[in-house]
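Q: Output the structure for:
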Amino acid sequence: MTQQTWDEVGGLLPHDEFRAASEAIVDNIEQVIEGKTATVRLALAVLLAEGHLLIEDVPGVGKTKLAKALARSIDCSVRRIQFTPDLLPSDVTGVSVYNQETHDFEFRPGAVFANLVVGDEINRASPKTQSALLECMEERQVTVDGVTYQLQTPFMVIATQNPIEMEGTYPLPEAQRDRFTARIAMGYPGPEAELAMLDGHGATDPLQELRPVSDAATVRRLIAHVRQVHVADAVKQYAIDLVTATREAPDLRLGASPRATLQLLRTARAVAALEGRDYVLPDDLQVLAVPVLAHRIIPTADAQLARRTTDAIVSELVHRLPLPHDRKRSPYDTRPPAPNNGRGPYEPRRP
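A: This next block holds a predicted model:
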């Protein structure tokens, strides 16, 4: 990594500082979102993996609140886009406007020029407007009138959509869905969490009182820390095996892409770091397989008639695929053997 890139991302954080900063963000979000610790941590992991998040669930379960709580927990630029059928691509990316004083065109940035972009009900916009996000989500840049503008770091799109109501909506194309690192569902809260919600949200909205506990510079350092998490060769091969299984499954007519393999590994690094480890376990990939892979695949007509969901298909593939079984040494590791010295099979070799 070049020095310029390190300056953009930020220096490494010690493990205790990383844990303190990440836990502060999680605890802050949980002031608004009751009883959804795993979902909150996964949302933070996607941010630290430099990815984008799609929150898909029925109305009223807190999709937008989670997106806004994550955005408000970090002192950085935040823009919200309410996707509607009449929204134009220029409303998202920006537009060049003629300035009569200077007799020249000047660029006015759109809503996408922010660290965190919250897109509410993304499937209500037309495919033309949805496609305005393709370049910025993948390449972190926007091109308008032949001029390319770089986006800020960190940059994350958090989009919500309702899978139940289909009237007046446009399904996200596969190219768009594949750019989202993970898709999560909020689910209904448990009885105790719902009771706590009534006590905490009955008179006031905790979201209005939420204050930032981190900033963009700290998030850049958290991202730099995640990039250094070690991934053993056996774990990399297991990630490839997982994705390959989706391409060969008879119930699927479209498997996961190579981009999915990359994002699965990046998110696993973030999850490992949040768990206090500097190495990835195969268990991390198993936990992430459904949220990272299920929204990218397309079932066959027979699987749809049998009412088999993509989540169920991926879960079955994970259950069938054997884990790396050599606890002493990975069968895929071609490096010369080294003394164990008490370390685990997936831990990095330490001096």
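
Q: Stretch 205-220: which residues count as buried?
A: 206, 210, 213-214, 216, 218-220 (16 or more other Cβ atoms under 10 Å). Heads up, the C-betas are built off the backbone N, CA and C, glycines and all.

Q: Residues contacting that stretch, please?
A: 8-10, 21, 24-25, 27-28, 31-32, 47-48, 65, 68-69, 72-77, 115, 152-154, 200 (Cβ atoms under 8 Å, 6 or more residues apart in numbering).

Q: centroid residue for this protein?
A: Val46 (3.2 Å; Cα atoms, centre = their mean).

Q: got a list of what that one touches?
A: Val46 neighbours (Cβ under 8 Å, 6+ apart): 52-53, 156, 181-182, 267, 270.

Q: Swap in 10 Å and give it another go.
A: 52-54, 70, 156, 158, 180-182, 184, 263, 266-267, 270-271, 288, 291-292 (Cβ atoms under 10 Å, 6 or more residues apart in numbering).

Q: What of Arg108?
A: So, once contact is read as Cβ under 10 Å, 6+ apart, Arg108 ends up touching 90, 94-97, 144.

Q: Pairing partners for it in the sheet, please.
A: With DSSP bridges applied, Arg108 shows beta-bridge pairing to Val95.

Q: Can you spell out the domain ranges of the chain, please?
A: 12-87+113-228, 229-324 (automatic domain parsing).

Q: Report the separation between the two terminal residues of the last one.
A: What it means is domain 229-324. 19 Å (Cα to Cα, to the nearest Å).

Q: repeat for stretch 43-55
A: End-to-end for stretch 43-55, by Cα to Cα: 9 Å.

Q: Now whichever strand or helix holds Met197 - C-alpha only, CSV.
A: Taking DSSP states H and E as the criterion, Met197 maps to helix 191-201. Extracted in CSV, the C-alpha atoms of helix 191-201 (Å, rounded to 0.1, in the frame of the first residue of the first chain):
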residue,chain,number,x,y,z
PRO,A,191,-41.3,-9.6,23.8
GLU,A,192,-38.7,-8.2,26.2
ALA,A,193,-37.2,-6.0,23.5
GLU,A,194,-40.6,-4.8,22.4
LEU,A,195,-41.5,-3.9,26.0
ALA,A,196,-38.2,-2.0,26.4
MET,A,197,-39.1,-0.2,23.1
LEU,A,198,-42.4,0.9,24.5
ASP,A,199,-40.7,2.3,27.6
GLY,A,200,-37.9,4.0,25.7
HIS,A,201,-39.8,5.2,22.6
